[in-house]
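> Using only what follows, build the 3D model:
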Amino acid sequence: MRLKKDSSEQKLRGAYYTPIQLAHAMVELFASQNIYTVLEPSCGDGVFLDSLKDKKLLDKVKKLTAVEIVPDEAEKVRRRYTDFKQIEVCTEDFFDYYNRLLGKECFDLILGNPPYIRYQYLKESQRKMQSEILTSHGMKANKLINAWVAFIVACVQLLSENGKIAFVIPAEILQVAYAEDLRLYLANNLAKITLITFEQLVFPDIEQEVVVFIGEKGKEEKGIRIIEMNNLDGFSQLKLEQNGFQKMQHVKEKWTKYFLNVEEMDLIQKLRADKRFAKFSEYGVINVGITTGNNGYFSVTEEITKQYGLANVTLPLIGRSSHAHGIYFTLEDWESNKGVGKRARLVSFPDVPYEEYPDGHKQYIMLGEKNREHEGYKCSIRDRWYIVPSVWVPDAFFLRRNNLYPKFVLNRCNAVSTDTMHRMKFNDGIDPENVLLSYYNSISFAFTEICGRSYGGGVLEILPGEMGNILLPKVENISPKLREKLLIYIDSVVRNDEDIEKALNIVDEEILIKTLGIDSEICYKCRAIWKKMQRRRLGRG
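Got it, this is the predicted structure:
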C-alpha cells in the first residue's frame, strides 16, 4: 500500500491495522448468520476478535482460531482472551498453518485484513510457499504478485461447504493484470461475490483505495455485485441477503465492468459484436513509448542542447501530456514547447565508436556519469548506457495517463515520445485521419474507461493491450470535406480547453448516427457510461 510516510517495518510485515469502525462494520454483516467456526488468518492486534466480542457473536462461535506471525502481537491477543476457551491463538506463518490444516479442518467464516507484502519483501521460504499455493490451483506465480493474493486462495480452500470469506484488500483486485488468475479462480470457486467500495479513503495514513471483498460458497450461484459507498457509515444498512447480483463471467477480465448495471453490460456486449466497429489493435501496432531509463537525462531543453552541441543527436520530443496541445502534434507545437523551456528534445546517441563522438557529446555523457545517471537499472544493463534502444518515429501517440478525458494524437513533425505515452504505427493502407476521427466519440470514450484502470488521484491509465481493445467505429465512407471540418473542430476544442463533450456531440451526430446508422439512444447510453466511470475515478482524486 502507498503510505503518506515511509514505514519500512510495515513494508516488511505487511501490517496495516484495520480501523475498529471498519472491523465492526464487517463483523456486523454476519451477525444474523449461522457461524460456528471462525478463522482470522492475520490476527495482528486482534481487532476482528474485539469486534466479534463487542457484537456479542463470540457466544455463538464454537471455535475461533487466530493466526499471527509476530510472537509479541500473538501473546497480547492470547492474554486478552485467556478466558475464552473456544479461542486458539497460533503463533506461526499463515502459509505454514494452511499446509498443516488443509484437508483436515474447515471454517464457516474467515475474515481479516491479509498482509500486503510485495514479492521482494518476502522470505525465500514464503516465496516458495506462495508460488506452490498459486500454481497448485492453476495460477501463474510471478514477482509482481502481492502476498494477499495467495492468502485469499488459501483461505477459500479452508472454507466449509457454505463458508464465507470477508477480507479488506487493495482495490487492485478489480483491475490489475497480476490479479487476472485470481479473478478467474474466485469466479470458479465461489457462488457469490460482493465487493464494497468507498469513495473516501478508510485507512488513516494510507493513500491506496481498498475494497471489502466478501465471497460465499454454496450450491446456488448468484453471481457478482459491486456496492459503492461514500464511507463506512452506510455499512449498517447493508444486508448480505439483498440481491443485485449480476451473472458472473468466468473470465480473467477486469471486474471494473461490474460497476455497470445489467442493461449497460448487455449494451457493451452487443457493441463488441457489432460489425460496424473494430478494435484499435486492428489498425496498427501499439507499443509503449521509448524507455530511456532516465527521462530526466535523455529529455533535454534547448539550453542544454546548445551547451553540449546535441542538436544533431536529438529528435523532436512530445514528453508529457502538457506537450500535446491538440489532436495533432505539429512543428508549431514543438517549436512552442521549445520556446517556453520544455524538455522538447530526446537525446539519441548513435551506435558508433565513442572516440568518434564530438567533445560536447562526451562531456554530456561524463556529466551523466558524474551525477550517477547511468546507475539506474535500465541504463546499467545496456552495453553502452547512453545509447537508448528502440528509437523509432510513430504515426500517432496515445496518452498513457489521462485526467478528464483521454487523448489520441497524430504525429505531424516526426516526433518521438517517452514511456509517458504509447506510440502507434499504422498498418499499410490505413488512413491515419480516419482513425483519428473515429476515436473522438461517446462509444470509444466509454470503452476507454472500461478498458483502462484508475488509481489514486483520479488518473485513468491505459496500457498498450488495453488501448488495443478499445472499440472504434469504422470511418471509411466519409467525404473529405466533412472529415476535415470535424477534425478542425475537435482540434480547436482540445487546444482551447473547451468541454470535450462539444466535440463528442458533433461526431456522435455526424459519424455514429448519420453515417453509420447507430441509434441515438445507444450514443446517449454510452455517453452516460463514460460519464459514470469518469465521475467514479475523479471522485477519488
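
> Only C-alpha atoms from now on, for both contacts and neighbour counts.
Fine.

> mind listing what the longest strand along the chain pairs with, with the direction of each?
Of all segments of type strand in the chain, defined using DSSP state E, the longest is strand 159-170. Strand 159-170 sits in its sheet next to strand 107-112 (parallel), strand 210-216 (antiparallel), going by DSSP bridges.

> For it, buried residues please.
The neighbour-count criterion (16 or more other Cα atoms under 10 Å) identifies 159, 160, 163, 164, 165, 166, 167, 168, 169, 170 as the buried residues of strand 159-170.

> What of stretch 92-110?
When burial is assessed from 16+ other Cα under 10 Å, stretch 92-110 yields the following buried residues: 92, 94, 95, 98, 106, 107, 108, 109, 110.

> Equivalent analysis for stretch 375-386, please.
Counting neighbours by 16+ other Cα under 10 Å, the buried set in stretch 375-386 is 379, 385, 386.

> what do you get for stretch 137-151?
Within stretch 137-151, the residues scored as buried using 16+ other Cα under 10 Å are 139, 140, 141, 145, 146, 147, 148, 149, 150, 151.

> residues in contact with it?
The set of residues that contact stretch 137-151 without belonging to it, under Cα atoms under 8 Å, 6 or more residues apart in numbering, is 95, 114-120, 130-131, 133-135, 169, 178-179, 181-182.

> Narrow those residues to those in helices?
Among these, the residues falling in helices (DSSP state H) are 95, 130, 131, 133, 134, 135, 181, 182.

> Do I have it right that residue 393 meets residue 416?
Yes. Distance between residue 393 and residue 416: 5.4 Å, which falls inside the contact criterion (Cα atoms under 8 Å).

> what about those two, which has more around it?
A direct count of neighbours by other Cα atoms under 10 Å for residue 393 and residue 416 places residue 416 higher, at 25 against 17.

> Give me the distance between the longest strand of the chain and the centre of its chain.
Using Cα atoms, centre = their mean, to the nearest Å, the distance from the centre of strand 159-170 to the centre of the chain it belongs to is 23 Å.

> List the contacts of residue 523.
442, 443, 508, 512.

> Residue 349 now?
In this structure, residue 349 makes contact with 313, 314, 386, 387, 388, judged by Cα under 8 Å, 6+ apart.

> Counting neighbours, which of those residues comes out on top?
Greatest neighbour count in those, by other Cα under 10 Å, goes to residue 386: 25 neighbours.

> ok so, going back, just put the contacts of residue 523 in a markdown table and tack on neighbour count.
Compiled in a markdown table, these are given as follows (neighbours: other Cα atoms under 10 Å):
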| residue | neighbour count |
| --- | --- |
| 442 | 26 |
| 443 | 29 |
| 508 | 24 |
| 512 | 24 |
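
> farthest pair in the ones in helices among the contacts of stretch 137-151?
The most widely separated members of those, counting by Cα to Cα, are 95 and 181 (19.3 Å).

> related to what we said a few turns ago, quick one: mean pLDDT for the longest strand of the chain?
When pLDDT is averaged over strand 159-170, the result is 92.

> any chance of the buried residues of stretch 375-386 in JSON lines, plus distance to residue 215, secondary structure and pLDDT?
As requested, the buried residues of stretch 375-386 are arranged in JSON lines below (distance: Cα to Cα, whole Å; DSSP: H, G, I helix; E, B strand; the rest coil; pLDDT from 0 to 100):
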{"residue": "379", "distance to residue 215": "45", "secondary structure": "helix", "pLDDT": "96"}
{"residue": "385", "distance to residue 215": "49", "secondary structure": "coil", "pLDDT": "97"}
{"residue": "386", "distance to residue 215": "51", "secondary structure": "coil", "pLDDT": "97"}
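
> Pick the one among the residues you listed closest to residue 353.
Using Cα to Cα, residue 386 is the member of the buried residues of stretch 375-386 that sits closest to residue 353, with 12.4 Å.

> Looks like that closest one contacts residue 380 (just checking).
No. Taking Cα under 8 Å as the definition, residue 386 is not a contact partner of residue 380, at 9.5 Å.

> and residue 124, how many neighbours does it have?
Counted by other Cα under 10 Å, the residues lying close to residue 124 total 11.

> Tell me the first helix or strand C-terminal of whichever strand or helix holds residue 25.
Taking DSSP states H and E as the criterion, the element that holds residue 25 is helix 20-28. Using DSSP H and E, the helix or strand that follows helix 20-28 in sequence is strand 37-40.

> Just the C-alphas of that following strand, formatted as PDB.
Extracted C-alpha coordinates of strand 37-40, given in PDB (Å, rounded to 0.1, in the frame of the first residue of the first chain):
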ATOM      1  CA  THR A  37     -16.200 -21.900  13.300                       C
ATOM      2  CA  VAL A  38     -14.100 -18.800  12.500                       C
ATOM      3  CA  LEU A  39     -10.600 -18.200  11.300                       C
ATOM      4  CA  GLU A  40      -8.600 -14.900  11.500                       C
END
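
> Just give the strands next to it in its sheet, each with its orientation.
Within its sheet, strand 37-40 is paired with strand 63-68 (parallel), strand 107-112 (parallel), according to DSSP bridges.

> By residue count, which helix of the chain is the longest?
With DSSP H as the criterion, the chain gives helix 520-538 as its longest helix.

> ok, and for it, which residues are buried?
Of the residues in helix 520-538, those buried under the neighbour-count criterion (16+ other Cα under 10 Å) are 522-523, 525-531, 533-534, 536-538.

> And for stretch 402-420?
402-403, 405-420.

> ditto for stretch 57-74
Residues of stretch 57-74 classed as buried by neighbour count (16+ other Cα under 10 Å): 57, 58, 61, 63, 64, 65, 66, 67, 68, 69, 74.

> Could you work out the most separated pair of the residues you listed?
57 and 69 (25.0 Å).

> Helices along the stretch 351-500 of the chain, start to end?
With helices called from DSSP state H, counting those that start in this stretch, the stretch 351-500 of the chain shows them at 359-370, 377-380, 432-439, 442-451, 464-468, 480-495, 500-507.

> For the third one, buried residues please.
Of the residues in helix 432-439, those buried under the neighbour-count criterion (16+ other Cα under 10 Å) are 432, 434, 435, 436, 437, 438, 439.

> Which residues are in contact with each of residue 386 and residue 380?
residue 374.

> ok, and the closest non-adjacent residue to residue 105?
Using Cα to Cα, 6 or more residues apart in numbering and skipping residues adjacent in sequence, the residue nearest residue 105 is residue 158, 7.1 Å away.

> quick one on the thing from earlier: elements contacting the helix holding residue 25?
Secondary structure elements in contact with helix 20-28, counted by 3 or more Cα pairs under 8 Å, 6 or more residues apart in numbering; DSSP states H and E, are helix 47-54.

> Same question for the helix it packs on: list its buried residues.
Applying a neighbour-count criterion of 16+ other Cα under 10 Å, the buried positions in helix 47-54 are 47, 48, 49, 50, 51, 52.

> would you turn these into a markdown table with pLDDT and distance to residue 481?
Output for the buried residues of helix 47-54, formatted as a markdown table (pLDDT from 0 to 100; distance: Cα to Cα, whole Å):
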| residue | pLDDT | distance to residue 481 |
| --- | --- | --- |
| 47 | 90 | 67 |
| 48 | 90 | 67 |
| 49 | 91 | 70 |
| 50 | 90 | 71 |
| 51 | 89 | 68 |
| 52 | 90 | 70 |
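
> and of those residues, the nearest to residue 281?
Distance to residue 281, by Cα to Cα, is smallest for residue 48 among the buried residues of helix 47-54, at 47.7 Å.

> Which residue comes closest to the closest one once chain neighbours are left out?
With Cα to Cα, 6+ apart as the measure, residue 23 is the residue that lies nearest to residue 48, at 5.7 Å, once sequence neighbours are left out.
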